[in-house]
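Asks: Following is a predicted model, sequence given first.
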Amino acid sequence: MFNKIACILFISLCSVVYSQKKISSDFDYKVTYNLHYTLDSTKLSDRKSEYMVLFLGDKLSSFSSRAKLFKNGVVVKGNTASTSKESITAFPYVILKNTKENYLAYTLQIVYNYFYYEQPSGLFDWKIHDEIKDINGYTAQKATTTYSGRDYIAWFTTDIPISDGPFKFNGLPGLILEISDTQNHYSFTFYGFEKLEPPVPFKINLKQYVLTNKEKLLEVQYRYRQDPFTYANNPNVKITPEVHQAYIKAFTEMLEKENNPIEKD
C-alpha cells in the first residue's frame, strides 16, 4: 500500500498507468560481468567495481547487480544476507528484455513502491568490424555504437548465438562479452558463463508496478535519495528538524558527486 508521501508522488506522475503485463520465463543461462565504473567525473581515478549478472531465457532476460540477487527469493533461495555488505549496490535496478515483443523494461523498487519504464529493444545502431580477439576461449568480434552521449566498443561472440548483453545492450549476432565506452568510464568485462541445470523459473507481474517514463522515475529516485526520511514517512523514525536538514545536506552533496551516469541523456 502506498504511504501518504508515495501517494503524492503517484499523483504527480500524471502519465502513469497500471500495466496488465504478467511475464514468466525459465532462465537457461547465467552470464557474470565485472563492471568497472566512475561516478564522479571530477575524480576519474576513483574507480569502483561491482559484479553484474545477466540471466537468459528463450524469450526473456534479466540484468541486475549480483548484490541485488541477495534480495531475490526467486533466483537465490534461502539467502539471509540481504543486509550484508555483499548486498549493497550502486545499481538497484533490474532490466528485463523481452525478445519476443522487442522491448525492455527498466524496473526499480523505491522503499515499498515499484516503478518501471519501457523502451524498444532496438536502441543501438551497430557497426561490425573485422577485428577479432580471444576472450576466455571465445572468439570475439569487434562492434561499435553510440548511445546516450557515449561511444562504445563491444566484443561479441557467435560461439554463444544469443543477441544480448549487459545493461540495455543487445542486437548483435552473438552474446556481448565485453563493452566499454571510449573514455573507459563504464567497462563491462566477461567473468563467466554457465548453463543452469535445472533452469531457474522467473515470474514478474508488472500490474503491481507503476508505469512511468525515464525522466520522472529518475526524479522520484532523486527525491528519495536526497530525503529518504520524508519519502518513507516512517512514524518509528524520530529525528529533529536540525538533524533532518543535516542529512538532506549530506545526501545532496553525495548526489552532486554522482555526476557521471552511464546514460548522459
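Replies: The structure has been received and is ready for your questions.
Asks: low-confidence ranges in this structure?
Replies: Applying pLDDT under 70 to the chain flags residues 1-20, 70-87.
Asks: And the strands in it, which stretches?
Replies: Using DSSP state E, the strands assigned to the chain run over residues 17-18, 22-37, 48-57, 60-65, 94-98, 103-110, 113-120, 127-135, 138-147, 150-157, 175-181, 186-205, 210-211.
Asks: Tell me what angle the third one forms with strand 60-65.
Replies: Meaning strand 48-57. Interaxial angle of strand 48-57 relative to strand 60-65 (axes from the mean of the first three to the mean of the last three C-alpha atoms, to 10 degrees): 170 degrees.
Asks: Report the buried residues of strand 48-57.
Replies: Within strand 48-57, the residues that count as buried by 16 or more other C-beta atoms under 10 Å are 50-57. Quick note: C-beta positions are derived from backbone N, CA and C, even for glycine.
Asks: Can I get those in JSON lines including distance to residue 237?
Replies: As requested, the buried residues of strand 48-57 are exported to JSON lines (distance: C-beta to C-beta, whole Å):
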{"residue": "50", "distance to residue 237": "29"}
{"residue": "51", "distance to residue 237": "32"}
{"residue": "52", "distance to residue 237": "32"}
{"residue": "53", "distance to residue 237": "33"}
{"residue": "54", "distance to residue 237": "37"}
{"residue": "55", "distance to residue 237": "35"}
{"residue": "56", "distance to residue 237": "41"}
{"residue": "57", "distance to residue 237": "40"}
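Asks: nearest to residue 256, of the residues you listed?
Replies: residue 50 (21.3 Å; C-beta to C-beta).
Asks: Residue 42 against residue 259, yeah?
Replies: Yes: here residue 42 lies in contact with residue 259, judged by C-beta atoms under 8 Å, at a distance of 7.4 Å.
Asks: out of all of them, which helix in the protein is the longest?
Replies: Looking across the chain with DSSP state H, the single longest helix is helix 241-257.
Asks: Output the contacting helices and strands for it.
Replies: helix 214-226, helix 228-232 (3 or more C-beta pairs under 8 Å, 6 or more residues apart in numbering; DSSP states H and E).
Asks: go again using 7 Å as the cut-off
Replies: Helices and strands touching helix 241-257, as assessed by 3 or more C-beta pairs under 7 Å, 6 or more residues apart in numbering; DSSP states H and E, comprise helix 214-226.
Asks: count of residues packed around the closest residue to residue 187 other than its chain neighbours?
Replies: Excluding the flanking residues, the one nearest residue 187 by C-beta to C-beta, 6 or more residues apart in numbering is residue 180, at 3.8 Å. Counted with other C-beta atoms under 10 Å, residues neighbouring residue 180 total 18.
Asks: where's residue 180 relative to residue 165, distance?
Replies: 12 Å (C-beta to C-beta, to the nearest Å).
Asks: circling back to that earlier point, what sits against the residue nearest to residue 187?
Replies: 152-153, 186-188 (C-beta atoms under 7 Å, 6 or more residues apart in numbering).
Asks: same question, residue 26
Replies: For residue 26, the contacting residues are 57, 199-201, by C-beta under 7 Å, 6+ apart.
Asks: repeat that with 10 Å
Replies: Shown in contact with residue 26 (C-beta atoms under 10 Å, 6 or more residues apart in numbering): 55, 57-60, 196, 198-202.
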